[in-house]
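> sequence first, then the predicted structure, then my questions.
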Amino acid sequence: MAGEDPFTAFRSEVEAALRATLQELGAELEDLALERPPEGMGDLALPCFPLAKTLRKAPNAIAEDIASRLRSTGMIEKAEAKGGYVNIHVRFDMLAGSILEKALSLKERFGSGEPKGVKVLLEHTSVNPTGPIHIGRARNPIIGDTIARIMRLAGYDVTTEFYVNDVGRQVATMAWGVKNLDIGETADRDKDDHRFVSYYRGANEKADADPKVLAEIDDLLYKLEHGDPETARITRETSERVLDGMLDSLRQINVNIDQFTWESRLVEDGSVDEVIAKLVGSDYCHEDEGARYLELETFGISGRETKWVFTRADGTSLYTTRDLAYHLDKFARSDVAINILGEDQKLGMQQLAAALTTIGSDRKPEAVFYAFVSLPEGRMSTRKGTVVTLDDLIDEIVERAYEEVRKRRTDLSEERMREIARTVGIGALRYNIARIQAEKQIVFKWEEALNFEGSSAPFVQYAHARACSILRKAEKQAAATSAVAAVTKLTTYHERELLKLIARLPSVIADCAEGRKAHLLASYAQELASQFNQFYRYVPVLRAEGDTLEARLALVEAAKWALGNALGCLGLDAPEEM
RNA sequence: GGGCGCGUGGCCUAGUCUGGAUAUGGCGCUUGCCUCCUAAGCAAGUGGUCAGGGGUUCGAAUCCCUUCGCGCCCGCCA
């Protein structure tokens, strides 16, 4: 079973043994549906209820039959029947030896999967360069970056990409503002994303009030798409400056983006024209007063309007048209193209998928949708200025974390306290977003965002710091070989439970990667930290001696790697002290 | 009008895809634990018609139907 992690190996063994046993009994199950039994009842459980009908026996009688026949070989220690389940216990020493060996040798790679040889292009964030990132949008980079990190560890070859929307009405509006408004230095912060949003808001206000302004913006839009150098220069420059501001905010929350595709490039290099030509050739293409559209009713698109317009009456392209060109571009560069999107994009993606079919593409984009973050008083809007910016949240949460550090530590330098405050604050911010299932709405509340206890980043980070503290004081690293030999010394409940949980990391990473789910890792990290804290409370490490000390140190180090790697995938720093 | 998603103790949340053992954690509140590896911790208690109703099933938070509430969408915007 090369390449399998120890727990998965155990699972495979159990599955094979169960299938053999079932065959002996003359029964069959397509899906064994192995579960994780309640605490203290073993490590894997087979529900026998589905067998009751075919075998015409009570579920628990079947469970007893299976349990008594199941041979304890390899990693299977024993099987017990209880309440209609076969509870299977792992041979702890084998699992423990194997896990400690893996964790201590793989270190920051512990939890990883085999290289898949699959190129993943993960697009996330891609917010319009019109103003600072607010916390509604911040869900996008956090989910995106977390999934990217998880998939990397799981063995995928991941590249993250930001699609810069420097074409279209919003940029033309911004350009109009820059050309015509004299807003001066009214920005709330010395940063270009905060500075330029004033032009954007101002231009929107004027356009709403004055049709002439709207016409001027239309004119700029036309010029932009037809290569007017002056307009292109203004939009490129403002887009770049606003983008730099946004990227600075993202860096602060540990989000770095590998690549950028500028929407304007797809217009300039003819990709958009190419895709328009293909669309025009489609059987579903129609024309209405010069504007061209696809009729998508047959693709299961419903609602008031099933027309999908891809060129305006003046011949210019639309956002979705360019997005289609972008997707073809992404497909050419990857095996899997994933996109992190707000739920408002759902219909758009459906339409895009349909449009792809009409032009004969066999590739489908994959999307992770998330619901919006709103404020207790309602939704956020960049245009209206009803936002809490990511920058404000970062400042506030790091400051709050600093106060907490200062309360607890009097022995640290100012610089060190600031460092820890940043680690804890940024961690709390990311964890609070990452821990919630993407499709659930979040109402942002300061008191919750600033919570540093219980189910939070600092809780996990604290466990990590404690592990580091023990290892630091031990003044030597556990020697992997003697530790593995000493696993028989890990006999207490808390040691065993901790080790079994550490053993799950690889399969948790794999599950999160396959399901594109960040929140499950947050739950696991919380559970692992909780288990470590119990171990810490009840099992003395440094006061132990000989083999026991050796084995416990190895366990602490394994926990450190598991915690650290879970934190790493969540994009949180793993502090050695706090 | 139509489509998609969400609804789990006072608050937040896991589990829902792939139906099974007393529904997971946290916050809050009550109460214990620092001569002992960092108390951002540990332990105990409190608190639940899994939105309501119907159905399928030996068994439903989970699947189906329906009602209600909330969010998002149905632009020659992005």
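Sure, I can see it. Model, not experiment: these values are computed from the prediction.
> chain A: strands as residue ranges?
Under the criterion DSSP state E, strands of chain A are mapped to A:44-47, A:76-82, A:85-90, A:119-123, A:157-164, A:259-262, A:285-288, A:291-295, A:307-311, A:336-342, A:366-370, A:373-374, A:442-443.
> turn these into a markdown table, columns for mean neighbour count.
C-betas here are computed from N, CA, C, even on glycine. Shown next, in a markdown table, are the strands of chain A (neighbours: other C-beta atoms under 10 Å):
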| stretch | mean neighbour count |
| --- | --- |
| strand A:44-47 | 24 |
| strand A:76-82 | 19 |
| strand A:85-90 | 24 |
| strand A:119-123 | 22 |
| strand A:157-164 | 22 |
| strand A:259-262 | 15 |
| strand A:285-288 | 12 |
| strand A:291-295 | 19 |
| strand A:307-311 | 20 |
| strand A:336-342 | 22 |
| strand A:366-370 | 19 |
| strand A:373-374 | 19 |
| strand A:442-443 | 16 |
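> so for A:Leu243, which of those strands sits nearest?
Set against A:Leu243 and scored by C-beta to C-beta, the strands of chain A come closest in strand A:157-164, at 6.2 Å.
> that closest one near RNA strand B at all?
No - interface with RNA strand B: strand A:157-164 contributes nothing (C-beta under 7 Å from any atom of the strand), its closest point being 9.9 Å away.
> and that strand, what other elements does it pack with?
When contacts are defined as 3 or more C-beta pairs under 8 Å, 6 or more residues apart in numbering; DSSP states H and E, strand A:157-164 packs onto strand A:119-123, helix A:139-153, strand A:259-262.
> how about JSON lines for those, with mean pLDDT and distance to RNA strand B added?
As requested, the helices and strands packed on strand A:157-164 are exported to JSON lines (pLDDT from 0 to 100; distance: least, C-beta to the nearest atom of the strand, whole Å):
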{"stretch": "strand A:119-123", "mean pLDDT": "98", "distance to RNA strand B": "14"}
{"stretch": "helix A:139-153", "mean pLDDT": "98", "distance to RNA strand B": "12"}
{"stretch": "strand A:259-262", "mean pLDDT": "96", "distance to RNA strand B": "12"}
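> nearest to A:Leu375, of the ones you listed?
helix A:139-153 (13.6 Å).
> circling back: could the strands of chain A go into TSV alongside distance to A:Lys107?
Shown next, in TSV, are those (distance: least, C-beta to C-beta, whole Å):
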stretch	distance to A:Lys107
strand A:44-47	28
strand A:76-82	29
strand A:85-90	24
strand A:119-123	24
strand A:157-164	20
strand A:259-262	28
strand A:285-288	56
strand A:291-295	52
strand A:307-311	51
strand A:336-342	28
strand A:366-370	30
strand A:373-374	36
strand A:442-443	35
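> for A:Ile502, which of these is the nearest?
Per C-beta to C-beta, nearest to A:Ile502 of those: strand A:85-90, 13.1 Å.
> note down every partner strand of that closest one and its orientation.
Strand A:85-90 has the following strand partners under DSSP bridges: strand A:44-47 (antiparallel), strand A:76-82 (antiparallel).
> would a markdown table of the ones you listed with mean pLDDT and distance to A:Arg496 be doable?
Formatted as a markdown table, these follow (pLDDT from 0 to 100; distance: least, C-beta to C-beta, whole Å):
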| stretch | mean pLDDT | distance to A:Arg496 |
| --- | --- | --- |
| strand A:44-47 | 94 | 15 |
| strand A:76-82 | 93 | 12 |
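> dump those into TSV; add distance to RNA strand B as well.
Listed next are these as TSV, based on distance: least, C-beta to the nearest atom of the strand, whole Å:
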stretch	distance to RNA strand B
strand A:44-47	3
strand A:76-82	4
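> residues near A:Thr357, how many?
For A:Thr357, the neighbour count with other C-beta atoms under 10 Å is 15.
> also A:Asp228?
14.
> contacting residues for A:Asp166?
A:Pro129, A:Thr235, A:Arg236, A:Ser239, A:Trp262, A:Glu263, A:Ser264 (C-beta atoms under 8 Å, 6 or more residues apart in numbering).
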